[in-house]
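J.: using only what follows, build the 3D model:
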Amino acid sequence: MTTRLDGLPGRRCSIAGALDVVGDRWALLVVREVSLGAHRFSEILRGTGAPRERLAARLGELVSAGVLERRPYSENPPRSDYHLTKAGRDLLPVLQALMQWGDRHIADQPPVELHHHGHRITASWVCDVCGERVGRGVEHHVPERRVPADG
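T.: Numbering: from 1, shown residues only. As a prediction, this is how the structure comes out:
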């Protein structure tokens, strides 16, 4: 069984695999726009500022990768819009962490804040089992699965 990681150069790593799918500027900005309710090409174009051709290509790649899905909304003329899949929704904490990093290190003043019930939302690493926030010393290497040469 081959995975998306098998064809990538360098260390076998899920970060490298993720960057292969969403590692350019336009991919994550598309996910941001769709998550904020921009579903049609013209809305995504306006929100991202991407070149038209680049946006069209990136949308196709994100659909092929399973991050977005196309849904028809008109038969005559045939038109579709874009929606996040589960894989796309799973990128939202990544966007939040990037926004938080940009707020701290890039922007003089954050242009946008995310709130839930009046509380500011921040990205953090949390243990799935106990719910504690974690920091350093969390890396654990998983042995690489070997596929027999004959199968």
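J.: so who does the most centrally placed residue in the chain touch?
T.: Closest residue to the average C-alpha location of the chain: Leu91 at 3.7 Å, with C-alpha atoms, centre = their mean. With contact taken as C-beta atoms under 8 Å, 6 or more residues apart in numbering, Leu91 is in contact with Val22, Leu28, Val31, Val67, Leu84. In this view, the C-beta of every residue, glycine as well, is placed from N, C-alpha and C.
J.: now it: how far from Gly118?
T.: From Leu91 across to Gly118, the span is 25 Å (C-beta to C-beta, to the nearest Å).
J.: please apply the same query to Val31.
T.: For Val31, the distance to Gly118 - C-beta to C-beta - is 26 Å.
J.: please say which of these two ends up with more neighbours.
T.: In this view Val31 and Gly118 are compared by other C-beta atoms under 10 Å, and Val31 has more residues nearby, 22 against 5.
J.: surely that one is within a helix?
T.: Yes: with DSSP: H, G, I helix; E, B strand; the rest coil as the criterion, Val31 is located in a helix.
J.: ok, for it, nearest residue in space, not its chain neighbours?
T.: Spatial nearest neighbour of Val31, chain neighbours left out: Leu91 (5.2 Å); criterion: C-beta to C-beta, 6 or more residues apart in numbering.
J.: which stretches in the chain count as helices?
T.: For the chain, the helices defined by DSSP state H occupy 14-22, 25-35, 41-48, 52-64, 86-89, 92-105.
J.: got these as a markdown table, with distance to Arg4 columns?
T.: Listed next are the helices of the chain as a markdown table, based on distance: least, C-beta to C-beta, whole Å:
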| stretch | distance to Arg4 |
| --- | --- |
| helix 14-22 | 5 |
| helix 25-35 | 15 |
| helix 41-48 | 24 |
| helix 52-64 | 12 |
| helix 86-89 | 12 |
| helix 92-105 | 17 |
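J.: and those helices, which is most packed in?
T.: Scoring these by mean neighbour count under mean count of other C-beta atoms under 10 Å gives helix 25-35 as the most buried, with a mean of 19.
J.: and that helix, what other elements does it pack with?
T.: Applying 3 or more C-beta pairs under 8 Å, 6 or more residues apart in numbering; DSSP states H and E, we find helix 25-35 packed against helix 14-22, helix 41-48, helix 52-64, strand 68-75, strand 78-84, helix 86-89, helix 92-105.
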